[in-house]
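[1] sequence plus the predicted model coming up.
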Amino acid sequence: MDAPNGSQDTEQTLDSQVKAFFDSAPPLQNRNDIIQKLNHFIQLNSLSSENGIGKRIVCVTSGGTTAPLEQRCVRYVDNFSSGHRGATSTEYLFLHLLLFLFLSMKLFLGYLFGDLLEGNEYNVADCVECRYFLKAGYAVIFLYRRGSFQPFCRSLPDDPLLDCFEATEGLNIQVGEAYSKAVKTAIVDHHAAVNSGLLLKLPFSTIFEYLQMLQIISKPMKDIGPRAMFFLAAAVSDFYVPWKDMVEHKIQSGSHILDVKLVQVPKMLSVLRKDWAPVAFCISFKLETDSNILIKKARGALEKYNMHAVVANELSTRKEQVVVVTIDDKITVQRDKSKADDDVENPLIKLLSQRHSAYIEDSKRMR
């Protein structure tokens, strides 16, 4: 009898690891509520628009997962991530689209009423710059770590509640003058995104919550085919303690040695690409501290997990530049240093949305 195929053995091993992970994971709190919100959001944004095509929907993951060491968790292993990349990328997905809608409305009103509207000045070049975001029309599922960086908060201090507000007479408070513009902009942009049905925020803390929620999100995203994108910027735990192997209560500190057995987290990127959402456009991230191995590692992830692109970033320069690695390209993306408030995520989102557009067109031709 022929020896079993090596790739089949690997797939079977991964499938068993995935099954073991989800079978042993604690039940996700508010699971039904999450599914209801998610289905409503995707249904809303999948309805045909004026051009007969539903919006593109992207799942942006952001922040680091924790691996608890106790069931009633006090101690845990954490993954480094501020969530800045995911939150800022989410913001750029909206700001360009909202700016386009705002300018389009001004153009429309100017056409109808002409000189009757005072101060109705607009720059057509701004509309042209934003036009591709109207084509993209992304709605965003923001899967984020509780307490991590949030969209529309780039201009706010680290502790906005205490730094931006000041007490007045009685029980009243007000925004300090120095932060009034930044706070107003953050609030207006955030509510515009949520109220327009373009932003759904879903928080996680543990590796168990994150992977269960990613699986839940993937199922309805599978139905929208190539219009779905996964922007996987979260820093996901590589190792965890299986729930059944954890102690229930806090680990006591009497011993000089803490012996904890960690198990490797199944490589869910492979499962996402193969089973959960095989037609979605998928982008993962590779962070290293050694620039000499960064591109090699990114190419390895690209091939191993069958990603459409891997964003390679070196720890010390990650806010200045990244390298987008694809099957036939290596593109360095840098922030515009002539603009003090520009971020590397701005050109990064433009590039990736263009690549997503090309992917959708290729998918149409292959039908």
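    That came in fine, so what should we check first?
[2] show me where the stretch 51-200 of the chain has its helices.
    With DSSP state H, counting those that start in this stretch, the ranges of helices along the stretch 51-200 of the chain come out as 84-113, 124-136, 160-164, 180-195.
[3] how near is residue 327 to residue 162?
    48 Å (CB to CB, to the nearest Å). The way it works is simple: take the backbone N, C-alpha and C, and place the C-beta from them, glycine included.
[4] can you pull out the strands in the stretch 201-350 of the chain?
    Taking DSSP state E, counting those that start in this stretch as the criterion, the stretch 201-350 of the chain contains strands spanning 228-232, 239-240, 263-264, 281-288, 309-314, 321-325, 330-334.
[5] mind exporting the C-alpha coordinates of the fifth one to PDB?
    Extracted in PDB, the C-alpha atoms of strand 309-314 (Å, rounded to 0.1, in the frame of the first residue of the first chain):
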ATOM      1  CA  ALA A 309      -0.100  40.200   0.100                       C
ATOM      2  CA  VAL A 310       2.000  40.400   3.200                       C
ATOM      3  CA  VAL A 311       2.900  43.700   4.800                       C
ATOM      4  CA  ALA A 312       6.400  43.500   6.200                       C
ATOM      5  CA  ASN A 313       7.400  46.000   8.900                       C
ATOM      6  CA  GLU A 314      10.500  46.300  11.000                       C
END
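[6] list the helices and strands it packs on?
    strand 281-288, helix 291-305, strand 321-325, helix 345-365 (3 or more CB pairs under 8 Å, 6 or more residues apart in numbering; DSSP states H and E).
[7] count of residues packed around residue 18?
    19 (other CB atoms under 10 Å).
[8] which residues does it contact?
    266, 268, 271 (CB atoms under 8 Å, 6 or more residues apart in numbering).
[9] just to revisit the earlier point, so which of the strands of the stretch 201-350 of the chain gets nearest residue 36?
    Closest of those to residue 36 is strand 228-232, at 19.4 Å (criterion: CB to CB).
[10] name the helix or strand of this protein that has the lowest mean pLDDT.
    Lowest on mean pLDDT, DSSP states H and E among the helices and strands of the chain sits helix 124-136, with a mean of 34.
[11] so residue 150 touches residue 84, yeah?
    No: using CB atoms under 8 Å, residue 150 is not in contact with residue 84; the gap is 9.9 Å.
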